[in-house]
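Colleague: let's see this in three dimensions:
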Amino acid sequence: MQSHRQQSSRQRRARGRGRRVLALSLGFGAVLSAGAAVLGVSFAATTPPAPPAQPNPNCTLTVPANPLTAQGLATPYQLTATDPAQGPCHEADANQSAFVQATVLDPATGTVSVYDPLVVDHGTAPAIAPVLPALPQGAVVGIWFGFNGNVLALKGRTAAGQCVGGTQGGQPFGQFAYCNAPAFFTAANTAEQAGKLVVPPLGTGKDGQPCLTTRDFGLVDQDQSDNVTAEYLADAHGRTAQKTRRNAGRLGRSRTTRGATALLNGSDNLLLDNFEDPALGCTPWTAPDLADPGSKATALALNELQAAKDQAAPVAVVPLSDPMVLENGKQSRTKTNLYRVGVDQPRLGAAADGDPKAYCAGLATLGARRIALDQPLTAAAPSPQAGQNLFDFLTQRLAASLTNLGCPQAGSLPTPSPTPSAGPTVTAAPTATAVPTATAAPTDTVSAGPSGAPSPSAVPSGSGSPTPSDAPTASAAPTATAPPAPSGAPTPSPTAAPGSPVPTPSAPATCSPPPPCCTQ
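Modeller: Numbering: from 1, shown residues only. Just a heads-up that it's a prediction; the model follows:
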């Protein structure tokens, strides 16, 4: 009997030692297979499967409950394939990454802050749980979406968020959508008029011109003010986390994640804040990041508020020909106004009638002049396209925009007034071709979808010819500790002499992988 008790005691001690050894092993990232067996977790796939040759370009985000509250902001949005027959959607695939960005206003004080809700694959957990933001009492929250594929649809609690992604029962914008944006801008403009919200001045660039905005013809393209500046981190297992200093450190030190990769959204806003402003010596407007205390972040909403206040005439606002606001290939005043109010632009009217010819004129003259003027600065600056300097990137982007908007040749366009007092005179611009059909629209001309998932007939095929991009290539995605500029030092282009035309690239940009590399 005593021998039996001694044997049982030895067995209990052995089991205790086993548990302690297992705990220590897991704590140092070793013996994962043993830990998985005990915990019922599979670590068989330590790296995500290789993406298909042509990733599914159309995905859907599920909006969480109470999306405009602190709890809703901290609840991850879930990404799924709109049509599973086209293949899966994975947030860590840079070609399919969707992005959510919120800007928060305290109407009592006029204080603004930024928070980037997280996106995860449907049915998965984040690599690190999102931070619960502390919102001021009476906070007004606006949310904007971006996408690196073709069409991002929204489903879930869209009504609670006052979400809009296109015309009701019609076609989606494509990569872009928003929730409660008109209410946010109304509250922000009211706070500004009351002297509570102070919008910082643009400042002057190294070229002697006002710093660019998202409504300056020197920056805009065929579909301006699209997508966001939100960034995420993705670990080796394809799980995502908010991009904060703490999360970057945790993922970087973890043996199970083996570091992290930053996911970025190709956008006009990213181009402005991360590339143009640094090249021109300008400073983007930033606000406190509620997910990363002590840090500040840029945001679409901040860019639009600043553009609305300080952009000098002529002001670039979304035209009726913008492919994102076309409905079945035709101009739509309803859809154009829906898009405009989501980015704080005036509705169509006498002062902003959306005339496509005027928009083309602005691009082909004012836009081309500013690009040429800034060549000494941008030719030595990195661009969103790996291996290409910012000047070459912008000239290709301008040529593609004129083509995709169906603009006539620049020589036949009237010069908008007023024109800049300084800068090279542009004598020629790329020759335009016919207006692309709805099915041949470039991948970035369709922005995030309406409240419900679009019907198959409303989903663009994405078969159009790719165009130069605002988006970083997947291969150029920075690590958690690296800046967002692509790797590799670009080769500076020769400086253009005053009065010379903007050079047109001899061949279109080639990209690998497919979108977002090849979207605008």
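Colleague: which is the next helix or strand following the helix or strand of the chain with the lowest mean pLDDT?
Modeller: Sorted by mean pLDDT, DSSP states H and E, the helices and strands of the chain end with helix 32-39, the least confident at a mean of 24. Counting by DSSP states H and E, the element after helix 32-39 in chain order, helix or strand, is strand 58-63.
Colleague: so what strands line up beside that next one?
Modeller: Counting by DSSP bridges, the strands paired with strand 58-63 are strand 77-81 (antiparallel), strand 151-156 (parallel).
Colleague: ok, residues contacting that strand?
Modeller: With contact meaning Cβ atoms under 8 Å, 6 or more residues apart in numbering, strand 58-63 is reached by 77-83, 86, 89, 96, 98, 100, 119, 122, 145, 147, 149-158, 160-161, 163, 179, 448-449, 453, 459-460, 462. Yep, even glycine has a C-beta here, placed from its N, CA and C like the rest.
Colleague: quick one: buried ones out of these?
Modeller: Neighbour counting with 16 or more other Cβ atoms under 10 Å marks 77-82, 86, 89, 96, 98, 100, 119, 122, 145, 147, 149-158, 160-161, 163, 179, 448-449, 453, 459-460, 462 as buried within those.
Colleague: state the next helix or strand along the chain beyond the helix or strand harbouring Leu270.
Modeller: Secondary structure from DSSP H and E places Leu270 in helix 268-270. Using DSSP H and E, the helix or strand that follows helix 268-270 in sequence is helix 277-280.
Colleague: which neighbouring elements make contact with that next one?
Modeller: Counting contacts by 3 or more Cβ pairs under 8 Å, 6 or more residues apart in numbering; DSSP states H and E, helix 277-280 packs against helix 375-378.
Colleague: buried stuff in the helix it packs on?
Modeller: Those would be 375, 377-378, for helix 375-378 by 16+ other Cβ under 10 Å.
Colleague: and if you look at stretch 262-272?
Modeller: Using 16+ other Cβ under 10 Å as the test for burial, stretch 262-272 gives 262-272.
Colleague: closest to Val104 out of the residues you listed?
Modeller: Using Cβ to Cβ, the shortest approach to Val104 within those belongs to Asn269, at 17.4 Å.
Colleague: ok so, going back, dump the strands paired with strand 58-63 to TSV, plus mean pLDDT and distance to Gly354.
Modeller: Converted to TSV, the strands paired with strand 58-63 look like this (pLDDT from 0 to 100; distance: least, Cβ to Cβ, whole Å):
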stretch	mean pLDDT	distance to Gly354
strand 77-81	98	32
strand 151-156	95	23
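Colleague: show me where this structure has strands.
Modeller: Ranges of strands in the chain, per DSSP state E, are 58-63, 77-81, 98-106, 111-115, 119-121, 140-147, 151-156, 163-164, 177-179, 231-234, 240-242, 261-264, 287-288, 296-297.
Colleague: just so I know, which of those strands lies nearest Gly406?
Modeller: Per Cβ to Cβ, nearest to Gly406 of the strands of the chain: strand 151-156, 21.8 Å.
Colleague: look up how far Glu231 lies from Ala94.
Modeller: Distance, Ala94 to Glu231, by Cβ to Cβ, to the nearest Å: 12 Å.
Colleague: settle it for me: which of these two has more neighbours?
Modeller: Each of Ala94 and Glu231 has its neighbours counted (other Cβ atoms under 10 Å); Ala94 has more, 28 against 24.
Colleague: quick one on the thing from earlier: and the contacts of the helix holding Leu270?
Modeller: Here helix 268-270 makes contact (Cβ under 8 Å, 6+ apart) with 214, 219-221, 224-229, 264, 298-300, 303, 384, 470-471, 484.
Colleague: how does it look with 10 Å?
Modeller: Contacts to helix 268-270, defined as Cβ atoms under 10 Å, 6 or more residues apart in numbering, come from residues 99, 101, 144, 146, 214-215, 219-221, 223-231, 264, 276, 284, 298-304, 384, 444, 470-472, 484, 520.
Colleague: ok, back up a step: could I get the buried residues of stretch 262-272 as a markdown table with pLDDT?
Modeller: Formatted as a markdown table, the buried residues of stretch 262-272 follow (pLDDT from 0 to 100):
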| residue | pLDDT |
| --- | --- |
| Ala262 | 93 |
| Leu263 | 95 |
| Leu264 | 95 |
| Asn265 | 95 |
| Gly266 | 90 |
| Ser267 | 91 |
| Asp268 | 93 |
| Asn269 | 96 |
| Leu270 | 96 |
| Leu271 | 97 |
| Leu272 | 97 |
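Colleague: could I get those residues as CSV with distance to Arg239?
Modeller: Output for the buried residues of stretch 262-272, formatted as CSV (distance: Cβ to Cβ, whole Å):
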residue, distance to Arg239
Ala262, 14
Leu263, 12
Leu264, 17
Asn265, 19
Gly266, 22
Ser267, 24
Asp268, 29
Asn269, 26
Leu270, 23
Leu271, 28
Leu272, 30
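Colleague: identify, from the residues you listed, the entry nearest to Gly354.
Modeller: Among these, and counting by Cβ to Cβ, the member closest to Gly354 is Asp268, at 17.8 Å.
Colleague: distance of that closest one from Phe275?
Modeller: Distance from Asp268 to Phe275, by Cβ to Cβ: 11 Å.
Colleague: measure Thr365 to Ala352 for me?
Modeller: As judged by Cβ to Cβ, Thr365 and Ala352 stand 19 Å apart.
Colleague: which of these two has more neighbours?
Modeller: Thr365 (22 against 16).
Colleague: right, and the more buried one touches Phe217 too?
Modeller: Yes - if you go by Cβ atoms under 10 Å, Thr365 and Phe217 touch, sitting 7.9 Å apart.
Colleague: export only the CA atoms of stretch 109-122, formatted as PDB.
Modeller: Presented in PDB, the C-alpha positions along stretch 109-122 are these (Å, rounded to 0.1, in the frame of the first residue of the first chain):
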ATOM      1  CA  THR A 109     -12.900  71.600 -27.900                       C
ATOM      2  CA  GLY A 110     -12.400  71.100 -31.600                       C
ATOM      3  CA  THR A 111      -9.700  68.500 -30.900                       C
ATOM      4  CA  VAL A 112      -9.200  65.800 -33.600                       C
ATOM      5  CA  SER A 113      -7.600  62.400 -33.300                       C
ATOM      6  CA  VAL A 114      -7.000  59.400 -35.500                       C
ATOM      7  CA  TYR A 115      -7.700  55.700 -35.000                       C
ATOM      8  CA  ASP A 116      -7.200  52.900 -37.600                       C
ATOM      9  CA  PRO A 117      -9.600  50.000 -36.900                       C
ATOM     10  CA  LEU A 118      -8.100  46.600 -37.700                       C
ATOM     11  CA  VAL A 119      -9.000  44.300 -40.600                       C
ATOM     12  CA  VAL A 120      -8.500  40.500 -40.200                       C
ATOM     13  CA  ASP A 121      -9.400  37.500 -42.300                       C
ATOM     14  CA  HIS A 122     -12.900  36.200 -41.600                       C
END
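Colleague: can you pull the buried residues of it?
Modeller: Residues of stretch 109-122 classed as buried: 110-122 (neighbour count, 16+ other Cβ under 10 Å).
Colleague: of all the residues you listed, which comes closest to Ala70?
Modeller: Tyr115 (9.0 Å).
Colleague: list the contacts for that closest one?
Modeller: Counting by Cβ under 10 Å, 6+ apart, Tyr115 has contacts 70, 73-74, 100-104, 130-131, 133-135, 141, 143, 230, 242, 287-292, 297, 299.
Colleague: ok, Gln222 to Asn404 distance?
Modeller: From Gln222 to Asn404 the distance is 5 Å (Cβ to Cβ).
Colleague: which residues in the stretch 251-400 of the chain form helices?
Modeller: For the stretch 251-400 of the chain, applying DSSP state H, counting those that start in this stretch gives helices covering 268-270, 277-280, 300-310, 333-342, 356-361, 368-373, 375-378, 390-404.
Colleague: deepest of those, which one?
Modeller: Highest mean neighbour count among the helices of the stretch 251-400 of the chain (mean count of other Cβ atoms under 10 Å): helix 268-270, with a mean of 27.
Colleague: pull up the distance across stretch 286-304, start to finish.
Modeller: Its start and end residues considered, stretch 286-304 measures 12 Å (Cα to Cα, to the nearest Å).
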